[in-house]
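J.: Next comes the sequence, and after it the predicted model I'd like to discuss.
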Amino acid sequence: MMKELSSLNEVYQTIAKVTSLDDALRLYQEFKGLTITFPTKLISADYVKQYLKKETQKGQQLSSRELQQLARKFDYSERQMRRFMRDIRQDNTSNRVEEEELVYITKWLEERRLEEEEEND
């Protein structure tokens, strides 16, 4: 298996090491020839805005502390979260928003952040 991995182009070697050789082959089959860039944010800005809109529709103003916690939860800066809130206030085009919380993804982000903090200590 190592000989097969070493025969792959570097990006496919990395994918195979992180996931599996089968996953690398699937990705190759699906995306060969394409240039792919991965956004630095896992969760889309649109989702975060929808989430914030839902929270504000509950009839309460988000405190600075709550906004800070949400920024950490979704891996956005507090400044960006404030911009999202400003955009929401300016855009009153849609009424109710029903979104489920991204429990698995936000938990995964928090675990990675804690691991990074432990490594930096």
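T.: That came through, no problem. The shown structure was predicted, so the numbers you read here are calculated from the model rather than taken from an experiment. Numbering: from 1, shown residues only.
J.: Going by C-alpha atoms from here, please, whenever you check contacts or count neighbours.
T.: Will do.
J.: which helices and strands sit right next to the helix or strand that contains E118?
T.: Remark: E118 resides in helix 103-120, with elements defined by DSSP states H and E. In this structure, helix 103-120 packs against helix 64-74, with contacts taken as 3 or more C-alpha pairs under 8 Å, 6 or more residues apart in numbering; DSSP states H and E.
J.: need the next SSE after the helix it packs on, C-terminal direction.
T.: Beyond helix 64-74 on the C-terminal side, the first helix or strand identified by DSSP H and E is helix 78-90.
J.: tell me what that next one is packed against?
T.: Helices and strands touching helix 78-90, by 3+ C-alpha pairs under 8 Å, 6+ apart, are helix 45-57, helix 64-74.
J.: Quick one: mean pLDDT over the shortest one.
T.: It stands for helix 64-74. Across helix 64-74, the average pLDDT comes to 93.
J.: again, but for the first one
T.: The predicted model gives helix 45-57 an average pLDDT of 90.
J.: Give me the buried positions along that helix.
T.: Counting neighbours by 16 or more other C-alpha atoms under 10 Å, one finds that the buried residues in helix 45-57 are V48, K49, Q50, Y51, L52, K53, K54.
J.: Export those residues as TSV, with columns for distance to R79.
T.: Putting the buried residues of helix 45-57 into TSV (distance: C-alpha to C-alpha, whole Å) gives the following:
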residue	distance to R79
V48	13
K49	13
Q50	17
Y51	16
L52	14
K53	17
K54	19
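J.: hmm, back to that, any chance of the helices and strands packed on helix 78-90 in JSON lines with distance to L25 as columns?
T.: Formatted as JSON lines, the entries for these read as follows, by distance: least, C-alpha to C-alpha, whole Å:
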{"stretch": "helix 45-57", "distance to L25": "31"}
{"stretch": "helix 64-74", "distance to L25": "31"}
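J.: how about those, which one is nearest Q90?
T.: Comparison of the helices and strands packed on helix 78-90 against Q90 by C-alpha to C-alpha identifies helix 45-57 as nearest, at 11.5 Å.
J.: now the residue most central in space within the chain, what's its secondary structure?
T.: A centroid search over the chain (C-alpha atoms, centre = their mean) returns L42, at 1.8 Å, as the residue closest to the centre. L42 falls in the coil class when you classify it by DSSP: H, G, I helix; E, B strand; the rest coil.
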